[in-house]
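>>> model this:
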Amino acid sequence: MRQELILTLKLSIPIIITNMAQIALGLIDSAMVGSIDYKLLAASSLAINTIGIPQIICIGLTMAISPLVAIARGRQDAVAASRVLYNGVWLCTIATFIIALVCATGSGFLEYLGQDPEVARLAIPYFEIMAWSLIPMIVFLSIKQFSDALEMTKTGMALALGTLPINAFLNWLFIYGNLGFPRLELYGAGIATLITRIISAILMIIIVLYHPVYKRYIAARRQAWKLQINALRDLLAIGVPSGMQYAMEAGAFAVSGIMVGWLGATAQAAHQIALNIASFSFMAALGLSLGGSIRVSHAFGRNDPMQMRKIGISTIYGGIGYGIFCVLYFVLFRNQLPLLFTKEPAVITMAASLLFLAALFQISDSTQTIGVGLLRGIRDVKVPTVLVTVAYWVIGIPIGYWLAFHRNMGASGIWLGLVLGLTASSILCNYRFLKKTALYIKNKTGLVGQRISSHQS
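Numbering: from 1, shown residues only. This is a model prediction of the structure:
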């Protein structure tokens with residue numbers, strides 16, 4: 001098990017760094033606008049929470065690319081892998097354009113969510129530009145999923161790290177109006193993110209098209225680069241449920257953010273600080289989940305259920321260990337971490353209390369995303385979507401609402417609901433993976449036994 005975890009970590013660490021760099025874009029925005037006014041931080045929270053659901057649906061679609069490419073790689077089929085790349089990029093880009101268009105043209109709905117009127121007014125233009133920035137982000141992520149499935153995970157990592165200082169510099173120009181640029185504050189943060197994501201997408205396209213390590217797959221383009229119904233169907237069969245799985249989770253956090261907004265701008269700013277920090281820590285668990293999913297997909301392509309189970313169990317252990325580390329970190333530094341985002345005493349105090357609650361779900365959060373990823377690696381996505389929906393929307397959100405507004409626990413009640421939802425999702429998804437792989441092993445063992453008996457007779 002230890003050796004399997006080491007191999008998964010080697011694959012996952014560049015993905016983890018890439019994920020953290022991606023989330024760092026939002027952290028940079030929040031920290032830089034929060035230094036101007038906590039209401040700008042609250043407006044950032046409102047926009048990010050509401051764009052979260054459509055964004056995560058788009059990201060979920062890209063999640064279909066890596067297991068399909070990994071399975072094709074396990075079968076030594078370069079043409080099939082190249083076909084998934086081409087059809088996946090087109091599918092994800094077109095779907096994201098439609099979603100971005102709907103979001104940008106319907107941004108006025110932010111004024112009807114019961115938020116502080118000034119916060120809603122500040123959030124609308126930022127929300128619109130963040131919607132358009134989804135398109136280059138998804139182009140980058142679609143191609144990155146292909147690269148990751150080939151275990152070329154350092155490509156996305158290098159690009160993500162390289163664009164961080166670009167984003168910070170552009171923020172410095174557009175948020176504060178330095179070097180003669182207009183002072184655009186929160187809207188300027190959106191412009192900086194859009195430009196950064198465009199640069200990342202263009203560089204990712206160039207690298208995959210021209211770097212020698214991808215030559216085998218690009219050389220297959222004459223056979224593979226056609227829009228094909230079967231390829232699109234396979235992508236949708238995994239991508240849509242995967243998108244819904246992540247949408248259920250992101251939607252739960254988004255609705256939680258909206259409910260916190262009913263408690264006022266201070267509570268919403270504190271919620272965004274705690275959520276930013278928790279999201280940053282989640283990126284490591286997500287990277288471990290993606291690494292485990294890719295390795296399980298390879299074993300699935302080779303029809304090796306014993307290896308699938310070993311990889312899965314070792315990845316779950318890794319998630320538990322990482323979750324324990326995050327619990328300790330959040331508890332020990334809960335009073336210091338909010339200082340990175342604001343100097344407002346009331347916001348800092350509330351954010352510290354929410355970080356203590358965030359510590360409670362670190363183990364569940366790590367292991368639930370690993371469970372979902374492992375199941376996706378064996379192409380099991382429909383039932384897990386139902387399980388995740390029940391965990392968040394039947395357990396987490398209703399209990400959080402009841403605790404917050406009927407037991408007068410405020411933002412803390414909403415976060416306790418998230419703790420319960422994440423825990424339920426973790427137990428249900430990981431149990432299903434263990435049960436299904438045990439069944440695969442039993443079936444394969446029985447089939448081998450039948451062949452031996454038949455041969456002996």
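
>>> neighbouring contacts of stretch 66-76?
Contacts to stretch 66-76, defined as C-beta atoms under 8 Å, 6 or more residues apart in numbering, come from residues 78, 80-81, 84-85, 88, 145-146, 148-150, 234-235, 238, 290, 293-294, 297-302, 376-377, 379. For glycine as for every other residue, the C-beta is placed from the backbone atoms N, C-alpha and C.

>>> and it, which residues are buried?
Ser66, Pro67, Leu68, Val69, Ala70, Ile71, Ala72, Arg73, Gly74 (16 or more other C-beta atoms under 10 Å).

>>> next one: it to chain centre, how far?
21 Å (C-alpha atoms, centre = their mean, to the nearest Å).

>>> now swap in stretch 244-257 and tell me
11 Å.

>>> With just CA atoms, put that stretch into CSV.
Only the C-alpha atoms of stretch 244-257 are listed here, as CSV (Å, rounded to 0.1, in the frame of the first residue of the first chain):
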residue,chain,number,x,y,z
MET,A,244,-23.4,17.4,-11.5
GLN,A,245,-21.4,15.8,-8.7
TYR,A,246,-19.2,18.9,-8.4
ALA,A,247,-22.2,21.2,-8.9
MET,A,248,-23.9,19.6,-6.0
GLU,A,249,-21.0,20.4,-3.8
ALA,A,250,-20.2,23.8,-5.2
GLY,A,251,-23.9,24.6,-5.2
ALA,A,252,-24.1,23.7,-1.5
PHE,A,253,-21.2,26.1,-0.7
ALA,A,254,-22.7,28.7,-3.0
VAL,A,255,-26.1,28.5,-1.4
SER,A,256,-24.4,28.6,2.0
GLY,A,257,-22.6,31.7,1.0
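
>>> What is the nearest of the buried residues of stretch 66-76 to Leu227?
Proximity of these to Leu227 was ranked by C-beta to C-beta; the top entry is Leu68 with 15.4 Å.

>>> ok so, going back, reformat the buried residues of stretch 66-76 as CSV; add secondary structure.
Output for these, formatted as CSV (DSSP: H, G, I helix; E, B strand; the rest coil):
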residue, secondary structure
Ser66, helix
Pro67, helix
Leu68, helix
Val69, helix
Ala70, helix
Ile71, helix
Ala72, helix
Arg73, helix
Gly74, helix
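
>>> Which residue in these has the weakest pLDDT?
Ranked by pLDDT, the buried residues of stretch 66-76 bottom out at Gly74, which has 78.

>>> pull the longest helix from the protein.
helix 411-456 (DSSP state H).

>>> Check whether Gly292 really touches Ile370, as I assumed.
Yes: the pair Gly292 / Ile370 is scored as a contact, 6.1 Å apart, by C-beta atoms under 8 Å.

>>> what is in contact with the two at once?
By C-beta under 8 Å, 6+ apart, the residues touching both Gly292 and Ile370 are Thr315.

>>> In terms of helix, strand or coil, where does Leu227 fall?
Going by three-state DSSP: Leu227 is coil.
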